[in-house]
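Chemist: I'll drop the sequence and a predicted model, then ask my questions.
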Amino acid sequence: MASNSLPQNPGLLIQLGAKMTNGINTVGASVPVTMTTAKILSASTQAFATADNSFNAGRSTFQTASDAYQATLGPLYTWLLNLSNVLANRFGTRWNTQWAQAGFINNTTAIPNRTPQRITLAQRLVDFLTKNPDYEVPSMGLTAAAGTALVAATQSAQTSLKAAEATQKQLGHAWTTAYETLVANMNELLKNLEAKLKKDDTRWLAFGLQIPATITTPAQPQNVRAHVDPSSGIIVQCDPVRNAARYRFRMMIIGVQTDYALVAGATEPLTAIKKKVLPGQTVQIIVQAVSGHMQSVPSEPVLLTIPLPPLKSASGPADDFTALEQITPSTAVGDGNAKGNRMPALS
């Protein structure tokens, strides 16, 4: 039998909130609906829609600030690297008191890995070049003025990114509060309907819900993603699908297999695939949602290349901020019927 559960995708949740409100207005009196009013449900639906829009707009602002900040890291690193190479021709490659006088005070000529330490080193080098202009190489942009400009640009972009991050956290908290309020009101209405409507009552449809007695095929799983976990194998996840009792995960090794093979099954839209895949091989994975004997159409395939063993490399520009994809809200929202993930609040 079909069950009515709330979608986790924000857009679908907002749509259902509007349909539920309309159901209260049209057939609520005949049920009767007594636990949630149309006014309360409509207000919480609109509040969540506003919070969701604000959060998504904030993500764009944060991404812009992050891109601007990242763009300053390479030039600053290159300036430090080139200047240290010039100084090595004068001071030698090993650290000594001359390096310390130039600004390398930590008993090493290496450029720090973290941006704050790079900024501090650049400021010391600017002071050194200001006092010793004969060490400047204008043709390479290795001047006190150039260093000052690079430091200022990095610090300004860093300040803007921190401000955008703080704002995004606030928007995330507001998103979570609005989400929890809406879900509480919608669940209250569901309990009211479950207590008063029969499983084959057609009035379920007026609220945007399925008739519980109707057997339905689950929707196509959406937003499939996969990554390699060294201890657990290949981790695959998709958005929860309404009415799905379990999920089937199928995989094909490109160039080795010509068809998909069932590699895992789970009651949750998350699993670990233990099948051995060699480094460098690429796999294609699909997911199907299952309810009883009904199985959804396969998800869109996702490709994953198993990484080769890591190689040591020289350090380059380092970023001190979490990637945008990692900054998302804390309570849930992806649905098997639409793209997009649930966005929990920032903490």
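Modeler: That came in fine, so what should we check first?

Chemist: name the element the residue nearest to Gln155 when sequence neighbours are not counted belongs to?
Modeler: Nearest residue to Gln155 in three dimensions, chain neighbours excluded: Ile119, at 6.6 Å (C-beta to C-beta, 6 or more residues apart in numbering). For every residue, glycine as well, the C-beta is placed using N, CA and C. Using DSSP states H and E, Ile119 falls within helix 115-131.

Chemist: which element follows that helix toward the C-terminus?
Modeler: Helix 115-131 is succeeded, C-terminally, by helix 144-196 (DSSP H and E).

Chemist: relative to Gln8, how far out is Pro240?
Modeler: 6 Å (C-beta to C-beta, to the nearest Å).

Chemist: got it, and Thr34?
Modeler: Taking C-beta to C-beta, one finds Thr34 at 27 Å from Gln8.

Chemist: more crowded one of those two?
Modeler: Between Thr34 and Gln8, Gln8 has the larger neighbour count (other C-beta atoms under 10 Å), namely 24 against 10.

Chemist: so the more buried one, which state does it fall into?
Modeler: Secondary structure state of Gln8, per DSSP: H, G, I helix; E, B strand; the rest coil, is coil.

Chemist: what separation do you get for it and Arg114?
Modeler: In terms of C-beta to C-beta, Gln8 sits 37 Å off from Arg114.

Chemist: next one: Val241
Modeler: Applying C-beta to C-beta to Val241 and Arg114 gives a distance of 43 Å.

Chemist: more crowded one of those two?
Modeler: Val241 (28 against 11).

Chemist: the more buried one and Thr217 touch, don't they?
Modeler: No - look at Val241 against Thr217 with C-beta atoms under 8 Å: they stay out of range, at 10.4 Å.

Chemist: and for these two, which residues touch both?
Modeler: Ser296 (C-beta atoms under 8 Å, 6 or more residues apart in numbering).

Chemist: OK, contacts around Ala272?
Modeler: Contacts here follow C-beta under 8 Å, 6+ apart; on that basis Ala272 touches 229, 232-236, 264.

Chemist: now do Asp200
Modeler: 211-213.

Chemist: which ones among those residues map onto helices?
Modeler: Among the contacts of Asp200, none falls in helices (DSSP state H).

Chemist: PyMOL command to pick out the buried ones of these?
Modeler: Selection of buried members from the contacts of Asp200 for PyMOL, criterion 16 or more other C-beta atoms under 10 Å:
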select buried, resi 211+212
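
Chemist: looking at the contacts of Asp200, spot the one nearest Ser156.
Modeler: Set against Ser156, the nearest of the contacts of Asp200 by C-beta to C-beta is Pro212 (58.1 Å).

Chemist: the longest strand seen in the chain: which residues count as buried?
Modeler: For the chain, the longest strand by residue count, based on DSSP state E, is strand 282-291. Buried residues in strand 282-291, defined by neighbour count with 16+ other C-beta under 10 Å: 283-291.

Chemist: closest to Leu197 out of the residues you listed?
Modeler: Nearest to Leu197, judged by C-beta to C-beta, of the buried residues of strand 282-291 is Ser291 at 21.1 Å.

Chemist: tell me which residues form a beta bridge with that closest one?
Modeler: Met294 (DSSP bridges).

Chemist: correct me if wrong: it contacts Ala245.
Modeler: Yes - counting by C-beta under 8 Å, Ala245 is a contact partner of Ser291 at 5.0 Å.

Chemist: who touches both of the two?
Modeler: Contacts common to Ser291 and Ala245, judged by C-beta under 8 Å, 6+ apart, are absent.

Chemist: report all helices and strands that the helix or strand hosting Ser84 contacts.
Modeler: For Ser84, the host element (DSSP H and E) is helix 38-91. Judged by 3 or more C-beta pairs under 8 Å, 6 or more residues apart in numbering; DSSP states H and E, the packing partners of helix 38-91 are helix 10-27, helix 97-102, helix 115-131, helix 144-196.
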